[in-house]
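Peer 1: have a look; sequence and predicted model below, questions after that.
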Amino acid sequence: QRIIKAYESKRRHPQLFDSRAGWTKWMSPSLVDALDVYRSSGGHNTTAILALLREEVEGVYSFDLFNEDFCDLFLEELDNYYASGLPIYRPNSMNNYGIIVNQIGMEPVITTLQKAVLHPIASILYPVQAGSGFTGHHSFMVKYRADEDMGLDMHTDDSDVTFNICLGRNFTGASLTICGDSRTPRHRQFFASYEHVRGRALVHLGSRRHGADDIRSGQRNNLIVWNSNEAYRESAAYVNKQPYLKEAGAPDPRCLSYTHDRDFGEFLDYPPGKSEYAGKGWCPPAFACYDEMAPVFRGRRAHDEL
Ligand SMILES: O=C(O)CCC(=O)C(=O)O
Ligand SMILES: [Fe+2]
């Protein structure tokens, strides 16, 4: 709160923080029109919105959201914040170069975006998780560069519905690998590789396993909005209350996580500097290991207990 106040007078593009106006003027005109159709039909006419969504793979969709101007202004604003010397809160332990944008004063304007754009789309795609409204969001930037963080380990989000919006700048590589839904037999099976496009958003359930492949050149900055819905979390349908199903078979190496998976080392070498994770994984839990994995797991345990 103190930081938000301190930054207020230093904003480079104050219009980006205007929660009343929101970000509509930088949005894809056809999306704005489609949302109008949806809204004026009381949420019944979903045709126009659905026509703008591209299904990348079952359960994961992308759509054009912002224009180049928006991406430029937004990245300039972040550069300006970094130059201000104010403290930078990192989004999570795995992102050393990102920033939580709610902490620089963007929470209200992103709430406007959530109400006007994200929730309508999420409620069409994921009615159970989106429900009658989101109750909060955790919004942050991730940044990848060949000489900084290059990628992000496989994980699921503490989010009910995630929107991942690419702001550029120029880059090659850095695609997003999409695997299965957590707790399902195929959670570590490969589903798709998504190439980010500047101005385009990807939307998926937070429970979907995903990770960012290493960047080859340039830099990629994405705005991530983790939407949460308290009513859904309290309901019996909440994903974290579902049974953890037994894995169907050996994982696809592209879907392995060195921070989460107990069998990572059976398939791949730990990335440089990450070998401390060996032996610390918990996923899958013992009762949900695929058949051939059990001896591996028991062997590891027996070894550890010596
Ligand atoms: O780099 C990306 O596109 C995804 C980042 C991500 O999944 C996350 O920060 O939770
Ligand atoms: Fe994520």
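Peer 2: Looks like it arrived, so ask away. Ligands and ions are numbered 1, 2, ... in the order given.

Peer 1: can the longest strand along the chain be said to contact ligand 1?
Peer 2: Longest strand of the chain, by residue count under DSSP state E: strand 215-228. Yes - Strand 215-228 is in contact with ligand 1 by CB under 6 Å from any ligand atom, via 222, 224. Where C-beta positions appear, they are placed from N, C-alpha and C, glycine not excepted.

Peer 1: hang on, His44 in a strand?
Peer 2: No - read with DSSP: H, G, I helix; E, B strand; the rest coil, His44 is coil and lies in no strand.

Peer 1: which elements pack onto the longest strand of the chain?
Peer 2: Helices and strands touching strand 215-228, by 3 or more CB pairs under 8 Å, 6 or more residues apart in numbering; DSSP states H and E, are helix 68-84, strand 136-145, strand 161-166, strand 171-173.

Peer 1: please identify the deepest-packed of those.
Peer 2: Greatest average neighbour count among these goes to strand 161-166 (a mean of 25), per mean count of other CB atoms under 10 Å.

Peer 1: quick one: it to helix 68-84, angle?
Peer 2: Angle between the axes of strand 161-166 and helix 68-84 is 90 degrees (criterion: axes from the mean of the first three to the mean of the last three CA atoms, to 10 degrees).

Peer 1: so for strand 161-166, what's the average pLDDT?
Peer 2: Here strand 161-166 scores 98 as its mean pLDDT.

Peer 1: same check, this time on stretch 246-265
Peer 2: On average, stretch 246-265 scores 95.

Peer 1: what's that stretch in contact with?
Peer 2: Residues outside stretch 246-265 that contact it (CB atoms under 8 Å, 6 or more residues apart in numbering): 94, 153-155, 177, 179-180, 185-190, 209, 211, 267-268, 270-271, 274, 277-279, 281-284, 287-293, 296-297, 300.

Peer 1: tell me how many other residues surround Met293.
Peer 2: 20 (other CB atoms under 10 Å).

Peer 1: picking up where we left off before, can I get whichever helix or strand comes after the longest strand of the chain in CSV, CA atoms only?
Peer 2: The helix or strand immediately downstream of strand 215-228 is helix 230-234, counting by DSSP states H and E. Extracted in CSV, the C-alpha atoms of helix 230-234 (Å, rounded to 0.1, in the frame of the first residue of the first chain):
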residue,chain,number,x,y,z
GLU,A,230,-14.0,-18.5,-3.2
ALA,A,231,-17.4,-20.1,-3.7
TYR,A,232,-15.8,-22.7,-6.0
ARG,A,233,-13.0,-23.4,-3.5
GLU,A,234,-15.5,-24.0,-0.8
